[in-house]
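[1] Provide a 3D model corresponding to the input given below.
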Amino acid sequence: MAHIYYRSRLRCLREMRSPGPNAVSGLRQGLKILSNRHFRLTSKSENGNILRQDPCRREDSMDKGILVVISGFSGAGKGTVIKKLLSESDDYWLSVSMTTRAPRPGEEDGKDYFFVTHEKFEQTIAENGLIEYAQFAGNYYGTPKAAVEQKINEGKNVILEIEIQGARNIRKIYPESVLVFITPPTADELERRLKGRGTETEEKIAARLSRAFEESEGIDEYDYIVVNDDLDKCVADVLDTIATAKRQPFRNEGFIDSLIKGLEKYHK
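    Here you go, the predicted structure:
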């Protein structure tokens, strides 16, 4: 059975001012604080420069797309979970990453990854054509920008399958993204799955397990954790998680504002 754990992304609500006697005014004040102080359209770097507008911010309805980052240890089964999720819903689009690593058996260029040279990848970096990129085990991995933003604006929930360093970068640039971490139930099960692949040496498996320990220290930076010990249940939990995230108040300020305006006529 799969398990799901939630981490609140609305801790900022605790900082809202008390509504006071005027409930409508108080709610508006709270929404203003939520919008202006915590979920701005832009993200800033440490030196104060604006990085970009966040296309995930939608104020009109719950039917618009959001950016979903899915990470997990190597061997956690996140790729299998994503493939099944995509087969069960047309509301999702998997972003195709760019990488300099060699294709694995059965992988197709343009479908699983865009396989490029180091020179081509570094050229794309220089042209600001990536949302994020990271280096792992001697290879580059990155997310092309244009297609992701187009799909979000079309209403698709865009899935990025990236490791923890890339997830951190996404959160800085797109603060309203949803971060999901998929993990097996135990460390022993992770080792069993890695060995069960039969594609890597003991040395490489040991390196992946060591890397998993390092990544585990960043799990608390994610919004949700889903334990993958049953594929069907895990996929259902991920879908429920994203549906829940889309109902968060800060994603639906247009609806809330309309509701408040409708209720004003009853307020005395």
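
[2] go ahead and flag the most central residue of the chain.
    Val69 (2.0 Å; CA atoms, centre = their mean).

[3] what's opposite that residue in the beta bridge?
    Leu160, Leu179 (DSSP bridges).

[4] who are the contact partners of it?
    Ile159, Leu160, Ile162, Gly166, Ala167, Ile170, Arg171, Ser177, Val178, Leu179, Val180 (CB atoms under 8 Å, 6 or more residues apart in numbering). Just so you know, the C-beta spots here come from the backbone N, C-alpha and C atoms, and that holds for glycine as well.

[5] now with 10 Å, please.
    Applying CB atoms under 10 Å, 6 or more residues apart in numbering, we find Val69 in contact with 95, 132, 143, 158-164, 166-171, 174, 177-181, 222-223.

[6] so of those, which ones are in strands?
    The strands, defined by DSSP state E, take in Glu132, Thr143, Val158, Ile159, Leu160, Glu161, Val178, Leu179, Val180, Phe181 from the contacts of Val69.

[7] so where's this protein uncertain?
    1-63 (pLDDT under 70).

[8] just the helices in it please.
    For the chain, the helices defined by DSSP state H cover 23-33, 78-88, 118-126, 145-153, 164-173, 187-197, 202-216, 231-246, 253-263.

[9] what's the burial count for Asp112?
    Neighbour count for Asp112, taken as other CB atoms under 10 Å: 16.

[10] next one: Ala146
    Neighbours of Ala146 (other CB under 10 Å): 9.

[11] and it, how close does it get to Glu122?
    18 Å (CB to CB, to the nearest Å).

[12] same check on Ile256?
    45 Å.

[13] CA atoms only: put stretch 210-225 into PDB for me.
    Provided in PDB are the C-alpha atoms of stretch 210-225 (Å, rounded to 0.1, in the frame of the first residue of the first chain):
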ATOM      1  CA  SER A 210      25.400   6.900  -1.300                       C
ATOM      2  CA  ARG A 211      23.800   9.600  -3.400                       C
ATOM      3  CA  ALA A 212      20.400   8.600  -2.000                       C
ATOM      4  CA  PHE A 213      21.600   9.300   1.500                       C
ATOM      5  CA  GLU A 214      22.800  12.700   0.500                       C
ATOM      6  CA  GLU A 215      19.400  13.400  -1.200                       C
ATOM      7  CA  SER A 216      17.400  12.200   1.800                       C
ATOM      8  CA  GLU A 217      18.600  15.300   3.700                       C
ATOM      9  CA  GLY A 218      16.600  17.500   1.400                       C
ATOM     10  CA  ILE A 219      13.300  15.600   1.400                       C
ATOM     11  CA  ASP A 220      11.800  18.100   3.900                       C
ATOM     12  CA  GLU A 221      12.000  20.800   1.200                       C
ATOM     13  CA  TYR A 222       9.300  19.100  -0.800                       C
ATOM     14  CA  ASP A 223       5.600  19.700  -0.400                       C
ATOM     15  CA  TYR A 224       4.500  16.100  -0.500                       C
ATOM     16  CA  ILE A 225       6.100  12.700   0.000                       C
END
